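Visitor: coordinates only, no sequence provided:
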């Protein structure tokens, strides 16, 4: 079991912690903005049940509530505890507290780590698998050899490997004969004519923004001798020694090393595996095909159906299927239907270590929404729909789309859009 924190670890505190009060406390509350604290939780090994997941989320949220209480002399009251629970492996369960600063309490119910169940669950939503959801992802071995990776052997067919894994985290078509499949966030498999021809690990495999979009998996550690597990990028559950380096060199011809400083003691340095390859990755001579872009005047469901094999597909942190067009348009699928289209800011690619990035990243160009392009001034939205200006974003609605554009110094750089439903169209027509 691994826990993913959505907020950075707290390293400094101001003042002493104050009381946290349960929902059934009788308190007079301050007229202030509610405070929301959030926590993600991923089930990797399917060893924990619903009760244990809820208890763990409650405990982590309580710690965050205590941290926030230091700024409120009379403490905080928990108004609600909400959870979205998933039984699926590698899919995020999510929870949050809504907290309110307290003036005083006539009948306080004080919570600490010993009696956390005094904070009762207010709302819960089960994120159960539907027929349209991505298949489960199975990782049965972490062994990497000169001829295989995670049980997939060089020369095996894509169909054989899919039968083993269930699916990949990302599929990226290069051209008619070559495509790349990514397992987790750092492990890339190259296929040519449906055959597995090469594997590449890199601690900085993909652009940072793309990496943060993808699901988390337990594909971080590898074994090269069938015995010891090595956390690539951080060392063998500690540090890589000269003996480990000799072992890696014995097995692999293509391997990269980096020297890192200890985060707590800069004088301490340690060696990590930053990159490792097997098989053939020399495909820069192959020309990449263009990836189609979506025209917002057309039907988005039809576009996806007609271009599925030509789009970059992935599974995100919420277990949803995504398609990325050649114009940085991220189409999100939920329960078999398009739920939203995100217009993404151009990725910073300087740190991406894809050995084929000259081909792959050249396939992507800045987004366009109708007549609006990335970098346009926010005023251009006036001509295509109703807008309402705010400091950091521009709410937007037109006949077919509604959502919000993000801006910086008055320039548009990203957006989150949802299709206007027939019910919404009928409601507006009746006004």
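Guide: Done, it's in. Keep in mind the model is a prediction, meaning the values are calculated, not measured.
Visitor: from here on, contacts and neighbour counts on C-alpha atoms
Guide: OK.
Visitor: residue 202 against residue 184, yeah?
Guide: No - counting by C-alpha atoms under 8 Å, residue 202 stays clear of residue 184, with 11.7 Å between them.
Visitor: how far does stretch 144-156 sit from its chain's centre?
Guide: Distance of stretch 144-156 from the chain centroid (C-alpha atoms, centre = their mean, to the nearest Å) equals 27 Å.
Visitor: just the buried positions in it, please.
Guide: 144, 145, 146, 147, 148, 149, 150, 151, 152, 153, 154, 155 (16 or more other C-alpha atoms under 10 Å).
Visitor: what's the answer for stretch 303-319, then?
Guide: For stretch 303-319, the neighbour count (16+ other C-alpha under 10 Å) marks 304, 307, 310, 311, 312, 313, 314, 315, 316, 317, 318, 319 as buried.
Visitor: what backbone torsions are found at the last one?
Guide: What it means is residue 319. With angles defined as degrees, to the nearest 10, residue 319 sits at phi 80, psi 20.
Visitor: for it, give its distance to residue 166.
Guide: The gap separating residue 319 from residue 166 is 14 Å, by C-alpha to C-alpha, to the nearest Å.
Visitor: identify the contacts common to those two.
Guide: By C-alpha atoms under 8 Å, 6 or more residues apart in numbering, residue 319 and residue 166 have no common neighbours.
Visitor: my guess is residue 258 contacts residue 274. True?
Guide: Yes - at 5.9 Å, residue 258 counts as touching residue 274 under the criterion of C-alpha under 8 Å.
Visitor: neighbour-wise, which of the two wins?
Guide: The neighbour comparison of residue 258 against residue 274 (other C-alpha atoms under 10 Å) goes to residue 274, with 20 against 11.
Visitor: tell me the SS of that one?
Guide: Classification of residue 274 by DSSP: H, G, I helix; E, B strand; the rest coil places it in strand.
Visitor: contacting residues for it?
Guide: By C-alpha under 8 Å, 6+ apart, the contact set of residue 274 is 201, 202, 203, 204, 232, 233, 255, 256, 257, 258.
Visitor: helices - which of the residues you listed land there?
Guide: Nothing among the contacts of residue 274 maps onto helices, per DSSP state H.
Visitor: most neighbours, which of those?
Guide: Highest neighbour count within those, by other C-alpha under 10 Å: residue 201, with 27 neighbours.
Visitor: isn't that one right up against residue 275?
Guide: Yes - if you go by C-alpha under 8 Å, residue 201 and residue 275 touch, sitting 5.4 Å apart.
Visitor: does residue 192 have beta-bridge partners, and which?
Guide: Bridge pairing for residue 192 (DSSP bridges) gives the partners residue 178, residue 195.
Visitor: for it, give its distance to residue 178.
Guide: Taking C-alpha to C-alpha, one finds residue 192 at 5 Å from residue 178.
Visitor: same thing with residue 329?
Guide: Taking C-alpha to C-alpha, one finds residue 329 at 22 Å from residue 178.
Visitor: residue 297 too?
Guide: Here residue 297 is placed at a distance of 31 Å from residue 178 (C-alpha to C-alpha).
Visitor: pLDDT-wise, what's the bottom of the contacts of residue 274?
Guide: Among those, residue 233 carries the lowest pLDDT, at 50.
Visitor: how about the contacts of residue 274 in JSON lines, adding distance to residue 121?
Guide: Formatted as JSON lines, the contacts of residue 274 follow (distance: C-alpha to C-alpha, whole Å):
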{"residue": "201", "distance to residue 121": "42"}
{"residue": "202", "distance to residue 121": "41"}
{"residue": "203", "distance to residue 121": "39"}
{"residue": "204", "distance to residue 121": "39"}
{"residue": "232", "distance to residue 121": "39"}
{"residue": "233", "distance to residue 121": "39"}
{"residue": "255", "distance to residue 121": "49"}
{"residue": "256", "distance to residue 121": "49"}
{"residue": "257", "distance to residue 121": "48"}
{"residue": "258", "distance to residue 121": "46"}
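Visitor: in strands only, show me those residues.
Guide: 201, 202, 255, 256, 257, 258 (DSSP state E).
Visitor: centre of the chain to the helix or strand where residue 247 lies, how far?
Guide: Element membership for residue 247, per DSSP states H and E: helix 242-251. Between the centre of helix 242-251 and the centre of its chain there are 33 Å (C-alpha atoms, centre = their mean).
Visitor: repeat that for stretch 188-207.
Guide: For stretch 188-207, the distance to the chain centre is 20 Å (C-alpha atoms, centre = their mean).
Visitor: stretch 108-120 too?
Guide: For stretch 108-120, the distance to the chain centre is 32 Å (C-alpha atoms, centre = their mean).
Visitor: do the same with stretch 393-412
Guide: Distance, centroid of stretch 393-412 to centroid of chain: 23 Å (C-alpha atoms, centre = their mean).
Visitor: start to end distance for it?
Guide: First residue to last in stretch 393-412 (C-alpha to C-alpha) measures 9 Å.
Visitor: and what of stretch 198-211?
Guide: Distance between the two ends of stretch 198-211: 21 Å, counting by C-alpha to C-alpha.
Visitor: what residues of that stretch count as buried?
Guide: Burial within stretch 198-211, assessed by neighbour count using 16+ other C-alpha under 10 Å, is assigned to 198, 199, 200, 201, 202, 203, 204, 205, 206, 207, 211.
Visitor: if we ignore the residues flanking it in sequence, what's nearest the last one?
Guide: Once flanking residues are discounted, residue 211 sits nearest to residue 185: 5.9 Å by C-alpha to C-alpha, 6 or more residues apart in numbering.
Visitor: checking my notes, the one you found in a strand, right?
Guide: No - with three-state DSSP as the criterion, residue 185 is located in coil rather than a strand.
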